[in-house]
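Peer 1: next one to model:
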Amino acid sequence: MASTPQFSDAIEAQHRRVDADEWANIYVVGDVHGCLDELDALLARLDPGDDELVVFVGDLIRKGPDNGGVVRRVREMPNLVTIRGNNEEKVIRGEKDPDGLDDSDVEWMRSLPVAISWEGALVVHGGVDPRKPLSEHSVDDLQNTRSLVPGGSYDPPYWFEEYEGPERVFFGHTVLDSAVHREYAVGLDTGCVYGGKLTAIDCSRDALISVDLGRTVQSRKDSKIVIPPRATTEE
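Peer 2: Numbers count the residues shown, from 1 in each chain. Predicted coordinates for the structure are as follows:
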């Protein structure tokens, strides 16, 4: 039988469990970063029915042109759900300006879980540290884990290169040249706001689906775009 993630009480209170049997299919979508046009194009491509669930890895906001539009698109559709990423956390904590968001948007973000799971699967924003059990992870761990080198945010090895389950973890946060598509780790932040693609995975077919509108909203150093050890063909 597939595993169910076990968190500390503090994280469990911010963890949403999904019954996959209640849905015909589940899609997981990478970091949108305020790019509403790309999100609408991807949703049109996925064309999810009311009985299909779309899960976002967080970072719906910041850096892109339409934070409010993205948040309201997700809020208005009952089969779209998201966790809160590190950029939502920064706005909630007052560290960054809630550009384009009203008070109700910020309160909605405050209510979001930091993890969503279903049998055998876990969605977090940053990742998990394979050197310690989930029960010892903090909110910061789940939102920001990337490199396993102390202080080396973009220095390999990355957590997903060392992680061996048991849950399959879907994540964003680390900007990737192409999606990570491994047995136990699926990385979906393919740099939509930086001129890359907005990527989703169709969980029933284990297939990646992307859209590329050919625009760059913000530039990013090549040193902060990770080339995965193994690239995957996208549809």
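
Peer 1: use CA for all of it now, contacts and neighbours both
Peer 2: Noted.

Peer 1: let me see the mean pLDDT of stretch 181-192.
Peer 2: Averaged over stretch 181-192, pLDDT sits at 98.

Peer 1: equivalent analysis for stretch 215-234, please.
Peer 2: Mean per-residue pLDDT for stretch 215-234: 83.

Peer 1: what comes into contact with that stretch?
Peer 2: For stretch 215-234, the external contacting residues (Cα atoms under 8 Å, 6 or more residues apart in numbering) are 63-65, 154, 174-181, 192-196, 207-210.

Peer 1: in it, what's buried?
Peer 2: Val217, Ile225, Val226, Pro228 (16 or more other Cα atoms under 10 Å).

Peer 1: how close does the first one get to Glu95?
Peer 2: This means Val217. Distance, Val217 to Glu95, using Cα to Cα, to the nearest Å: 22 Å.

Peer 1: parallel or antiparallel, list what pairs with the host helix or strand of Ala200.
Peer 2: If you go by DSSP states H and E, Ala200 is part of strand 198-202. Pairing partners of strand 198-202, with direction, according to DSSP bridges: strand 25-29 (antiparallel), strand 207-211 (antiparallel).

Peer 1: gap between the last one and the chain center?
Peer 2: It refers to strand 207-211. Computed by Cα atoms, centre = their mean, to the nearest Å, the chain-centroid distance of strand 207-211 equals 14 Å.

Peer 1: quick check: mean pLDDT of it?
Peer 2: 98.

Peer 1: with the first one instead?
Peer 2: Computed over strand 25-29, the mean pLDDT rounds to 98.

Peer 1: who touches the helix or strand just after it?
Peer 2: Remark: after strand 25-29, the chain's next helix or strand is helix 36-46, criterion DSSP H and E. Helix 36-46 is contacted from outside by 32, 65-67, 69-70, 192, 198-199, 210-213, using Cα under 8 Å, 6+ apart.

Peer 1: if we go to 6 Å?
Peer 2: The contact list for helix 36-46 (Cα atoms under 6 Å, 6 or more residues apart in numbering) reads Val70, Val211.

Peer 1: now it: buried residues?
Peer 2: Applying a neighbour-count criterion of 16+ other Cα under 10 Å, one finds Leu36, Glu38, Leu39, Ala41, Leu42, Leu46 buried in helix 36-46.

Peer 1: how far does the strand holding Ala200 sit from its chain's centre?
Peer 2: Distance, centroid of strand 198-202 to centroid of chain: 10 Å (Cα atoms, centre = their mean).

Peer 1: also stretch 190-207?
Peer 2: From the chain centre to the centre of stretch 190-207 is a distance of 10 Å (Cα atoms, centre = their mean).

Peer 1: contact partners of it?
Peer 2: Residues contacting stretch 190-207 (Cα under 6 Å, 6+ apart): 25-30, 175-178, 188, 208-212, 215-219.
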